[in-house]
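J.: return a 3D structure for these sequence lines:
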Amino acid sequence: MSTSSFIGSPVLLPPPSAAVNRRPLRSTIKMSSNPNPITTLTKLLWGQSLPPNLLIATARSAWSAAWHLMMSQLAPSDSGGRYTRPTSQFRLPTTTNPSLSRQNLHLYAGLPCPWAHRTLIVHALKGLGDSIPLSIAAPGADGLWEFRDRFIPVPNKDIDILIPGLDKAQGRKTLKEVYNLRSGGYNGRSTVPMLWDSDRKEVICNESYDIIELFNSGLNDVAGNPELDLAPPPLKKKIDEWNRIIHPKINNGVYRCGFAQSQEAYNSSVKELFSSLDMVEEHLKGSRYLCGDTLTLADVCLFTTLIRFDVVYNVLFKCTKKKLIEYPNLHGYMREIYQIPGIAETCNFGAIMDGYYKNLFPLNPGGIRPIIPSDCEYEVLLNPHNREFLSSIENGVEALVL
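T.: Numbering: from 1, shown residues only. Got it, this is the predicted structure:
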């Protein structure tokens, strides 16, 4: 019996006489009823062995090049591989526009997005549900925010949780189509949150902090809870000081870890993130909220990152030094805010996890969504936080109870 070389491995060839009057040999490879051609080919080529080193090196090089190309579109970076978040293109003026029609405003949001989540929270706390309608989009396979007429199961039936749905304002299939309705069209990134004027078909704002400031104090004449002020003038300076820490180092810090395109960029980002979390943990040891006894916009902004930390950022974004549950003050603080009436309804963990694990292809090519951590289950988040005792410790004034 002679041999022939095939990718470096000898293949036995029967002599011509051996093939005479013989029934064809059955393949020793078991085929499923619906065989995967790639799996079948690899078994034929290498059996149970690993592919040749050359193939592995080639695949690694090709994937690395494709990954960097995809990341350059998903997460623009500087020359050092550090993620640089694009700026919002539609901003509100520093004073409320008197021509702003309160009767025709519409909020577009997405449940996975922490920046959109902050607008949903303030929208709920201020009681704007009757005056500012919502349309909830979901990330599509092509990266666009889309509107779906499909029921998405919600594990917990005890709360009326937000789910994606149809475009209630313009009846469009994607958010990009809504942006393109504005005069002159639009070629930029179609992001959430987005505040829309349904009559004029114009984008009012797509900067989250501008929107929550407007919702907090600029629409009290149509709000169901106008007396609530999440940015009282005496705390404005403190709120600004906290925002200068929270936004770059924590809100954006987790993204700088997950979207880092070099080891050096990741190392510096993760160090800054956890140094900031350590500092906030220490502060919350003696303060009920960031600015004392009053829930503020700074707390809302921090909460939307904390509530996603163990379910997404710790795993997918490689923020692995600690889980949030390892920070007793931060985790208790997060639970207290979650338990404020109206906020749990904005936290759809299924939609959040799908939005990250199933749609950020460069970070999770297989699209497999892990199970939710036990510390993020509904029953655990309702555990007593005991943070109300901090109010009497600080100044004897009872904290805001909504």
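
J.: hang on, isn't V312 packed against M353?
T.: Yes. Using C-beta atoms under 8 Å, V312 is in contact with M353, at 6.7 Å. No exception for glycine: its C-beta is placed from N, CA and C like everyone else's.

J.: more neighbours, those two?
T.: Each of V312 and M353 has its neighbours counted (other C-beta atoms under 10 Å); V312 has more, 25 against 21.

J.: what's the burial count for the closest residue in space to the more buried one that isn't next to it in sequence?
T.: Excluding the flanking residues, the one nearest V312 by C-beta to C-beta, 6 or more residues apart in numbering is Y356, at 4.7 Å. For Y356, the number of neighbouring residues by other C-beta under 10 Å comes to 23.

J.: residues touching Y356, list them.
T.: Counting by C-beta atoms under 8 Å, 6 or more residues apart in numbering, Y356 makes contact with 112, 312, 316, 363-364.

J.: now these in TSV, with pLDDT?
T.: Output for those, formatted as TSV (pLDDT from 0 to 100):
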residue	pLDDT
P112	97
V312	98
L316	97
L363	91
N364	93
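
J.: which among the residues you listed count as buried?
T.: By neighbour count, with 16 or more other C-beta atoms under 10 Å, the contacts of Y356 hold 112, 312, 316, 363-364 as buried.

J.: just those residues now: which is nearest A344?
T.: Closest approach between these and A344, by C-beta to C-beta: P112, at 16.6 Å.

J.: so the closest one sits right up against F349, yeah?
T.: No. Using C-beta under 8 Å as the test, P112 is too far from F349 to be in contact (10.1 Å).

J.: around R150, how many other residues sit close by?
T.: With other C-beta under 10 Å as criterion, R150 counts 8.

J.: swap that for K322, please
T.: For K322, using other C-beta under 10 Å, the count is 16.

J.: how about the helices in the stretch 201-350 of the chain?
T.: Under the criterion DSSP state H, counting those that start in this stretch, the stretch 201-350 of the chain contains helices at 208-213, 236-246, 252-258, 263-283, 297-308, 328-338, 349-357.

J.: please convert these to JSON lines, extending it with mean pLDDT.
T.: Shown next, in JSON lines, are these (pLDDT from 0 to 100):
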{"stretch": "helix 208-213", "mean pLDDT": "98"}
{"stretch": "helix 236-246", "mean pLDDT": "98"}
{"stretch": "helix 252-258", "mean pLDDT": "97"}
{"stretch": "helix 263-283", "mean pLDDT": "98"}
{"stretch": "helix 297-308", "mean pLDDT": "98"}
{"stretch": "helix 328-338", "mean pLDDT": "98"}
{"stretch": "helix 349-357", "mean pLDDT": "96"}
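
J.: let me have the ones you listed in JSON lines, adding distance to A75 as columns.
T.: Output for the helices of the stretch 201-350 of the chain, formatted as JSON lines (distance: least, C-beta to C-beta, whole Å):
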{"stretch": "helix 208-213", "distance to A75": "18"}
{"stretch": "helix 236-246", "distance to A75": "20"}
{"stretch": "helix 252-258", "distance to A75": "7"}
{"stretch": "helix 263-283", "distance to A75": "11"}
{"stretch": "helix 297-308", "distance to A75": "17"}
{"stretch": "helix 328-338", "distance to A75": "26"}
{"stretch": "helix 349-357", "distance to A75": "13"}
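
J.: quick one, which of these gets closest to L55.
T.: helix 263-283 (25.8 Å).

J.: mind checking how far the closest one is from the chain centre?
T.: Taking C-alpha atoms, centre = their mean, to the nearest Å, one finds helix 263-283 lying 19 Å from the centre of the chain it belongs to.

J.: packing partners of that helix?
T.: With contacts defined as 3 or more C-beta pairs under 8 Å, 6 or more residues apart in numbering; DSSP states H and E, helix 263-283 has these neighbours: helix 236-246, helix 252-258, helix 328-338.
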